[in-house]
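Participant: got a predicted model here, sequence first, then my questions.
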Amino acid sequence: MKTLLFASGNAHKIEEINAVLAPLGYQVQGLHALGLQEDIPETGTTLDENAAIKAAYLYEKFGKDCFADDTGLEVEALNGAPGVYSARYAGTPKSDANNMAKLLEAMAAVTNRKAQFRTVFCLIEAGEKHFFEGVVTGSIAEEPVGTAGFGYDPLFIPTGESRTFAQMAAAEKNKISHRARAVADLMSYLKKRL
Ligand code: IMP
């Protein structure tokens, strides 16, 4: 097994990505397994920058192949906001309910509801950075619907659907999600390495 360090403390994400990469011979180690309890600060102004900052932090500390991700909800009528600031759109401490309320308020008079979730991965392999991306397009609902998932899921209706992500089973969302597509992009690169 080759080891890949992952700049995330989110056990669910680590498990999900481990399941996908294990058949390729990779074992993913998250921050806690590396003895790091704190999240790595995201000080960039784009998703690419944040993913690169977090991956570089691990590479400098451990000198091993590693990767990091960053995700944002990009709303067309808001010029891509909340984007890289999605997690703390309504301030700290972060709150999904407050973030959704702020987004609905910003869109109160907006008829163009088009939006997309975008995930970027930065892989540092033998000191070289490589970027991977996954996008799911959709629209912002008029009010939150559904209880599954997290974040902005109750407001996001993927293209071709009438339900929000929060009305879908996890397996259904994970087939089409931005993160799943970004992982697939990363995976097809790693597959070529076999
Ligand atoms: P992260 O980079 O994965 O931590 O995502 C940043 C923020 O984007 C999260 O705190 C959520 O607010 C939002 N987000 C990311 N992925 C999703 C998703 O799959 N559904 C809903 N919101 C998401």
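Facilitator: Okay, I see it.
Participant: now do the contacts for the nearest residue to D69 once chain neighbours are set aside.
Facilitator: In space, D69 comes closest to F121 once its chain neighbours are excluded; the distance is 5.0 Å by Cβ to Cβ, 6 or more residues apart in numbering. Using the backbone N, CA and C atoms, a C-beta is placed for each residue, glycine as well. Listed by Cβ atoms under 8 Å, 6 or more residues apart in numbering, the contact set of F121 reads 51, 67-69, 131-133, 182-183, 185-186.
Participant: go again with 10 Å.
Facilitator: If a contact means Cβ atoms under 10 Å, 6 or more residues apart in numbering, then F121 has 6, 17, 47-48, 51, 55, 67-71, 130-134, 179, 182-183, 185-186, 189 as its contacts.
Participant: hang on, it in a strand?
Facilitator: Yes - in this structure, F121 lies within a strand as judged by DSSP: H, G, I helix; E, B strand; the rest coil.
Participant: beta partners of it?
Facilitator: D69, F132 (DSSP bridges).
Participant: A109 versus that one, what's the distance?
Facilitator: As judged by Cβ to Cβ, to the nearest Å, F121 and A109 stand 36 Å apart.
Participant: ditto for S8
Facilitator: According to Cβ to Cβ, S8 stands 37 Å off from A109.
Participant: who's more crowded, the two?
Facilitator: Taking other Cβ atoms under 10 Å, S8 and A109 do not tie; S8 has more neighbours (20 against 6).
Participant: that one: what's it in contact with?
Facilitator: 14, 17, 28, 30-32, 39-40, 54, 67-69.
Participant: min pLDDT across those, which one?
Facilitator: Ranked by pLDDT, those bottom out at D39 (88).
Participant: mind checking pLDDT for the closest residue to that one other than its chain neighbours?
Facilitator: Counting by Cβ to Cβ, 6+ apart, D39 lies nearest to G9, which is 5.8 Å off, once chain neighbours are set aside. pLDDT for G9: 95.
Participant: again with L34
Facilitator: Looking at L34, its pLDDT reads 97.
Participant: from what I see, the residue nearest to D39 and G35 are in contact.
Facilitator: No - using Cβ atoms under 10 Å, G9 is not in contact with G35; the gap is 11.5 Å.
Participant: compare neighbour counts for the two and give me the winner.
Facilitator: Using other Cβ under 10 Å as the criterion, G9 and G35 rank with G9 on top: 17 against 6.
Participant: state the helix or strand in which the residue nearest to D39 lies.
Facilitator: Secondary structure assignment for G9, by DSSP states H and E: no helix or strand.
Participant: again, but for the one 10 residues further on
Facilitator: According to DSSP H and E, A19 maps onto helix 11-21.
Participant: now swap in K175 and tell me
Facilitator: Per DSSP H and E: helix 170-176 holds K175.
Participant: packing partners of the helix or strand of the chain with the lowest mean pLDDT?
Facilitator: Least confident helix or strand, the chain: helix 11-21 with a mean of 90, by mean pLDDT, DSSP states H and E. Packing partners of helix 11-21 (3 or more Cβ pairs under 10 Å, 6 or more residues apart in numbering; DSSP states H and E): strand 2-6, strand 26-29, strand 66-75, helix 170-176, helix 178-192.
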